[in-house]
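K.L.:
model this:
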Amino acid sequence: MTRIKIAYALSIALVLFVLYFGSGYVFFPETQTGGFGLPAMPAAGDPILAVKGVRDIGTALVVLALILFRNVRALGWALLALAFIPFGDMLIVLTHNGSVGAALGIHGATSALMVVISALFLIRPKRNGQ
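P.N.:
Residues are numbered from 1 along each chain as shown. The predicted structure follows:
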């Protein structure tokens with residue numbers, strides 16, 4: 001499997017995962033409130049959970065659109081830029097007495113994965129003689 005095919009496979013898995021939990025925040029917020037990592041989450045009816053879900057779904061749809069258009073460079077740059085979202089979530093959890101495990105294991109790992117996938121798309125191997 002080539003580097004680009006691996007990057008596409010990881011991107012598709014990332015899109016499906018983000019669509020899954022983003023939809024959960026919109027449609028079933030009571031099942032999602034414990035997984036973010038903060039010591040206190042808003043109540044199940046709080047609209048901020050839907051806002052988070054819509055943000056996650058929108059992020060996944062941007063990545064999906066770039067996958068469908070097969071624009072490797074744009075997808076790599078978009079993933080790199082969008083990696084700021086889970087990185088920011090990690091910082092929010094860490095600075096608000098949240099779970100260090102959730103901050104690093106969920107948000108930090110997601111951000112790191114996005115950076116790795118973007119590198120797979122963006123790094124061009126050296127050509128012989130150049």
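K.L.:
the helices in the chain, which residues?
P.N.:
Under the criterion DSSP state H, helices of the chain are mapped to 3-27, 29-32, 47-69, 72-82, 84-95, 100-102, 109-122.
K.L.:
in JSON lines, list those helices along with mean pLDDT.
P.N.:
Written out in JSON lines, the entries for the helices of the chain read as follows (pLDDT from 0 to 100):
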{"stretch": "helix 3-27", "mean pLDDT": "94"}
{"stretch": "helix 29-32", "mean pLDDT": "76"}
{"stretch": "helix 47-69", "mean pLDDT": "93"}
{"stretch": "helix 72-82", "mean pLDDT": "96"}
{"stretch": "helix 84-95", "mean pLDDT": "95"}
{"stretch": "helix 100-102", "mean pLDDT": "92"}
{"stretch": "helix 109-122", "mean pLDDT": "97"}
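K.L.:
export those helices as a markdown table, with columns for distance to Pro39 and mean neighbour count.
P.N.:
Backbone N, C-alpha and C define where each C-beta goes, glycine included. Listed next are these as a markdown table, based on distance: least, C-beta to C-beta, whole Å; neighbours: other C-beta atoms under 10 Å:
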| stretch | distance to Pro39 | mean neighbour count |
| --- | --- | --- |
| helix 3-27 | 18 | 16 |
| helix 29-32 | 16 | 16 |
| helix 47-69 | 16 | 16 |
| helix 72-82 | 27 | 18 |
| helix 84-95 | 9 | 17 |
| helix 100-102 | 10 | 14 |
| helix 109-122 | 20 | 18 |
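K.L.:
which ones are touching Phe84?
P.N.:
Phe84 makes contact with Ser111 under the criterion C-beta atoms under 8 Å, 6 or more residues apart in numbering.
K.L.:
what does Leu122 give?
P.N.:
In this structure, Leu122 makes contact with Arg73, Gly76, Trp77, Leu80, judged by C-beta under 8 Å, 6+ apart.
K.L.:
OK, contacts around the second one?
P.N.:
Neighbouring residues of Gly76 by C-beta under 8 Å, 6+ apart: Ala7, Ile117, Ser118, Ala119, Leu120, Phe121, Leu122.
K.L.:
distance check, it against Ala13.
P.N.:
As judged by C-beta to C-beta, to the nearest Å, Gly76 and Ala13 stand 16 Å apart.
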